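> Here is a sequence together with a model predicted from it:
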Amino acid sequence: MSKVHVSNQVSTQRLLLTDVSNPGSPISLNELSSSLVGSNLHVFTLKELQMITHNFSRSDYLGEGGFGKVYKGCVDDNLRPGLKAQTVAVKVLDVNGSQGHREWLAEVIFLGQLKHPHLVNLIGYCCEDEHRLLVYEYMALGNLHDQLFKNYSSTLPWLTRIKIAIGAARCLAFLHGEEKPVIYRDFKASNILLDSDYNAKLSDFGLATDGPQGEDSHITTCVMGTEGYAAPEYINTGHLTTMCDVFSFGVVLLELLTGRRSVEKNRCKREKDLVEWARPMLKDFTKLDQIIDSRLEDRYSTEGAKRLAAVAHQCLSHNPKSRPTMTTVVKALEPLLDLNDIPIGPFVYTVVPPGDHGHGQKSCGQKKNEKRGDGGKEKEDKKEEKGRNRRRKRRRVRVVRSRDVYSDTALYKALGTSLYSPRN
Ligand SMILES: Nc1ncnc2c1ncn2[C@@H]1O[C@H](COP(=O)(O)OP(=O)(O)OP(=O)(O)O)[C@@H](O)[C@H]1O
């Protein structure tokens, strides 16, 4: 394929990873940004990125993943004309690490061309000698994994979890719905980044790949991904389809529902693998109480939990053909935001900006206690606690008594826990 040919494709066809990564590709790295369809990526120098991160200082350090360390910095139009003043995250490839040029290139090719509200925005990159860096919009709340499992001061509320699940589902539906579908391949909680409003944005396209073309139903690759998230058929055969992403999405739904990680090495054998432990209980609504994140206490929608559990169960089906498409998943999850059977906690303090009487409504409990002072607060606490216990009991008898318990854990038993394949 000649450079001219690529330029002719600009308005219609996305540049594929194989167009660039194949030996003999006519596209040189110098021409990369201009060959990307619809991209306005900035090409930064190493010196510029050193400058905005104060030479990759400890005070700007955000974290580290398989690609390398991530630092915070600021850019504006002094750096490049037209560049919006904003905080950015700079990812620096660890040249001695497990990832390399292929992962960097995948990130540039996919995120440089695909634009969606639930995809993290890639602002630019740097490619100098062996140095490979990526510059993204800064996501103030980090990643879902840390918010769900490492935030010890507060718990993600139910509706926030639903909002995150819907955002991530929309993103996968978008990728799968492309004219040439994209298989993300590494869907997991740590790859879901959160902005200051808990909008979910997918990042980390290092393992992403273009889906099957023409008559092919799948592509065959060596198995790569993360322990606890990969679909069983992919682990067994290397056959990769968009349905593998759907399975991984089901695992993240389970994490959101249970507050447990996909693999917890410190738990007893039966509970180590989240899918193996929780999946049989997803369809038996009488058992849902046993797996729902106890940190939510009773502040979740019972109906919503049932529906989410049913979606997760379908996504985690061992037969890829029985899994729903991500478009169907989005449609099933969206109405969960409107369910209003979430019990209100005893003291939800909402800061009402002066003059705002519309949105920042106070809870009933709060209004009463403000009038009564602290003595009333104690009584109210006890009353609310009793009320919550009553509601819990009520919910236990009201749930549908389904005998429809699925217990197909045989495959997982056969697979054991050796689900992990290193990235390279
Ligand atoms: N755009 C961003 N804004 C803010 N923080 C970010 C951004 N991108 C990554 N981070 C943070 O940097 C750290 C490393 O992220 P990275 O995506 O490189 O790895 P990971 O997904 O956590 O792990 P792995 O690469 O092994 O899958 C994480 O703490 C993540 O929250």
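That came through, no problem. Residues are numbered from 1 along each chain as shown.
> Could I get the buried residue list for the host helix or strand of residue 174?
With secondary structure defined by DSSP states H and E, residue 174 is part of helix 158-176. Buried residues in helix 158-176, counted by 16 or more other Cβ atoms under 10 Å: 158-159, 161-176. C-beta here means a position set from N, CA and C on the backbone, and glycine is covered the same way.
> That one near the ligand anywhere?
No. Residues of helix 158-176 are not located near the ligand by Cβ under 6 Å from any ligand atom, the shortest gap being 13.6 Å.
> Name every strand pairing with the very next helix or strand once past that helix and say which way it goes.
Moving toward the C-terminus from helix 158-176, the next helix or strand (DSSP H and E) is strand 182-183. If you go by DSSP bridges, strand 182-183 pairs up with strand 209-210 (antiparallel).
> what does the average pLDDT come to for the strand it pairs with?
What strand 209-210 shows for mean pLDDT is 86.
> which residues touch it?
Residues from elsewhere that reach strand 209-210 (Cβ atoms under 8 Å, 6 or more residues apart in numbering): 16, 17, 18, 106, 180, 181, 182, 183, 185, 219, 221, 240.
> Got a quick ChimeraX command for the buried subset of those residues?
Per 16+ other Cβ under 10 Å, the buried members of these correspond to this ChimeraX selection:
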select :16,17,106,181,182,183,185,240
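> Pull the strand or helix carrying residue 145 out as PDB, backbone CA atoms only.
With elements taken from DSSP H and E, the one containing residue 145 is helix 144-149. C-alpha atoms of helix 144-149 as PDB (Å, rounded to 0.1, in the frame of the first residue of the first chain):
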ATOM      1  CA  LEU A 144     -12.400   2.200  38.600                       C
ATOM      2  CA  HIS A 145     -10.200  -0.500  40.200                       C
ATOM      3  CA  ASP A 146      -8.800   1.900  42.700                       C
ATOM      4  CA  GLN A 147     -12.100   3.600  43.400                       C
ATOM      5  CA  LEU A 148     -13.800   0.300  44.000                       C
ATOM      6  CA  PHE A 149     -11.200  -1.600  45.900                       C
END
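> Just list what that helix packs against, helices and strands only.
strand 192-194, helix 242-258 (3 or more Cβ pairs under 8 Å, 6 or more residues apart in numbering; DSSP states H and E).
> got the residues of the chain near the ligand?
Residues of the chain lying near the ligand (Cβ under 6 Å from any ligand atom): 62-67, 70, 89, 91, 120, 136, 138-139, 142-143, 190-191, 193, 203-204.
> What subset of these is buried?
62, 65-67, 70, 89, 91, 120, 136, 138-139, 142-143, 190-191, 193, 203-204.
> Among these, which lie within strands?
The strands, defined by DSSP state E, take in 62, 70, 89, 91, 136, 193 from those.
> Closest one to residue 281 out of those residues, please.
residue 193 (29.9 Å; Cβ to Cβ).
> In contact with the closest one, which residues are there?
Contacts for residue 193 (Cβ under 8 Å, 6+ apart) come out as 120, 139, 141, 142, 143, 144, 200, 201, 202, 203.
> Find the closest residue to the ligand in the protein.
Relative to the ligand, the nearest point of the chain is residue 65 (1.8 Å; Cβ to the nearest ligand atom).
> just checking, that residue touches residue 204?
Yes. Residue 65 is in contact with residue 204 according to Cβ atoms under 8 Å; the separation is 7.3 Å.
> got the phi/psi numbers for residue 335?
phi -60, psi -20 (degrees, to the nearest 10).
> Residue 153 too?
phi -90, psi -30.
> From residue 68, how far off is it?
29 Å (Cβ to Cβ, to the nearest Å).
> Which of those two has more residues huddled nearby?
residue 68 (19 against 4; other Cβ atoms under 10 Å).
> Redo the ones in strands among the buried ones among the residues of the chain next to the ligand as a markdown table? Include pLDDT and distance to residue 303.
Listed next are these as a markdown table, based on pLDDT from 0 to 100; distance: Cβ to Cβ, whole Å:
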| residue | pLDDT | distance to residue 303 |
| --- | --- | --- |
| 62 | 97 | 38 |
| 70 | 98 | 39 |
| 89 | 98 | 38 |
| 91 | 98 | 41 |
| 136 | 98 | 37 |
| 193 | 98 | 29 |
